[in-house]
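Asks: Let's see this in three dimensions:
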Amino acid sequence: MSEEEVIQYLLSTPDFFVRNSDVLESLTLPHPVSGNVVSLLEYQVSVLQKSTAGYRSQFERLVDVARENESTMQKSRRLILAGLNCESLDDFSMVVGDMVRDDFQVPYHSLILFGDVTDSSVRAS
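Replies: Reported below is the predicted structural model:
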């Protein structure tokens with residue numbers, strides 16, 4: 001029987017080790033680092049710990065990105081609400097400038113308006 005046949009048999013018979021627990025208990029594997037013989041359970045725990053550490057790191061990165069997204073959304077919401085309270089284009093320009101600089105930490109920006117604006121000091125293109 002080839003190695004591939006054994007693999008296929010075990011994959012197609014998932015309850016093999018349940019029905020033959022004595023075989024499972026007697027299996028040992030070399031430790032991947034030290035080379036010493038360890039039980040299958042110890043080996044599985046080691047493999048699971050490594051994969052858990054990878055998942056944890058990935059999860060922490062996702063949480064950091066989610067926090068950044070939440071912060072950006074809150075800043076955007078404040079900007080929109082402040083803009084809605086403006087009574088003139090000049091007020092709006094100042095609010096946008098202040099909030100983009102202070103909340104979003106963007107030192108240089110341009111606000112470009114398209115159209116004819118005659119009653120404002122804001123330049124329109």
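Asks: Tell me the spacing between residue 65 and residue 115.
Replies: 37 Å (Cβ to Cβ, to the nearest Å). For every residue, glycine as well, the C-beta is placed using N, CA and C.
Asks: if you count what's nearby, which of the two comes out ahead?
Replies: residue 65 (10 against 6; other Cβ atoms under 10 Å).
Asks: Summarise which helices and strands the longest helix seen in the chain is packed against.
Replies: If you go by DSSP state H, the chain has its longest helix at helix 40-84. When contacts are defined as 3 or more Cβ pairs under 8 Å, 6 or more residues apart in numbering; DSSP states H and E, helix 40-84 sits against strand 28-30, helix 89-102.
Asks: wait, what's in contact with residue 97?
Replies: Shown in contact with residue 97 (Cβ atoms under 8 Å, 6 or more residues apart in numbering): 109, 111.
Asks: and it, what pLDDT?
Replies: Looking at residue 97, its pLDDT is 92.
Asks: Spatially central residue in the protein, please.
Replies: residue 62 (2.1 Å; Cα atoms, centre = their mean).
Asks: distance of residue 17 from residue 9?
Replies: 12 Å.
Asks: Those two - which one has more neighbours?
Replies: When residue 17 and residue 9 are compared for neighbours, residue 17 comes out ahead with 15 against 11, by other Cβ under 10 Å.
Asks: Shouldn't residue 107 be within a strand?
Replies: No - counting by DSSP: H, G, I helix; E, B strand; the rest coil, residue 107 falls outside a strand, being coil.
Asks: Not counting its neighbours along the chain, what's nearest it?
Replies: residue 101 (6.5 Å; Cβ to Cβ, 6 or more residues apart in numbering).
Asks: per-residue pLDDT, the one you found?
Replies: At residue 101, pLDDT is 94.
Asks: Need phi/psi at residue 113.
Replies: phi -110, psi 140 (degrees, to the nearest 10).
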